[in-house]
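# Have a look; sequence and predicted model below, questions after that.
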Amino acid sequence: MQDLRKITLGAVAGLGLAVLVACSPIKQQEGNVPDPDQVVQINPGVDDKTRVTQLLGSPSTVSAFQDHTWYYISRRTEQNAFLDPDVVEQEVLAINFNDQNIVEDMKIYGLENGRMVAMDDKVTPTFGNNLTIMQQLLGNLGRFNNPNKKKTPF
């Protein structure tokens, strides 16, 4: 009887521990997190793109039409079980360069500066035929062994 209690208590404790471990959030760091000590070494009006690359590495992305702005993007998320991840922290370091590739300005944007973008659910029309599965299957009958085709070495 005493052994049965110990086994039951051990099983309940193990199950409780498994539940706690399963419920702990999964934390994930994404992107390029520049070292703050390196960022303060960048001098606007003095340093160029080469110096910035030496200090911070390659940017996460550059501006779309010209490479006058470099972005270093990082974010930290937490996810519980199967739920969607929650963004806990997000930071974007934007470095602007002038036409001579000298640092002009630096700004840091946080999670509070972000905006949700509404996705458009419209579908881009494509030209061609919309075939059913049966049309696709039956449409290929007789096309495989055409004796009039020139034989290839493959």
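Sure, I can see it.

# Surely Arg115 forms part of a strand?
No - using DSSP: H, G, I helix; E, B strand; the rest coil, the assignment for Arg115 is coil, not a strand.

# Roughly how far does it sit from Ser74?
18 Å (CB to CB, to the nearest Å). C-beta: built from backbone N, CA, C; applies to glycine.

# Please identify which of these two sits among more neighbours.
Ser74 (16 against 5; other CB atoms under 10 Å).

# can you map out the strands along this structure?
26-31, 61-62, 69-79, 86-97, 103-110 (DSSP state E).

# in the longest one, what's buried?
By 16 or more other CB atoms under 10 Å, the buried positions in strand 86-97 come out as 90-95, 97.

# Could I get the residues you listed in CSV, plus columns for distance to Leu141?
Shown next, in CSV, are the buried residues of strand 86-97 (distance: CB to CB, whole Å):
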residue, distance to Leu141
Gln90, 55
Glu91, 59
Val92, 56
Leu93, 60
Ala94, 59
Ile95, 61
Phe97, 62
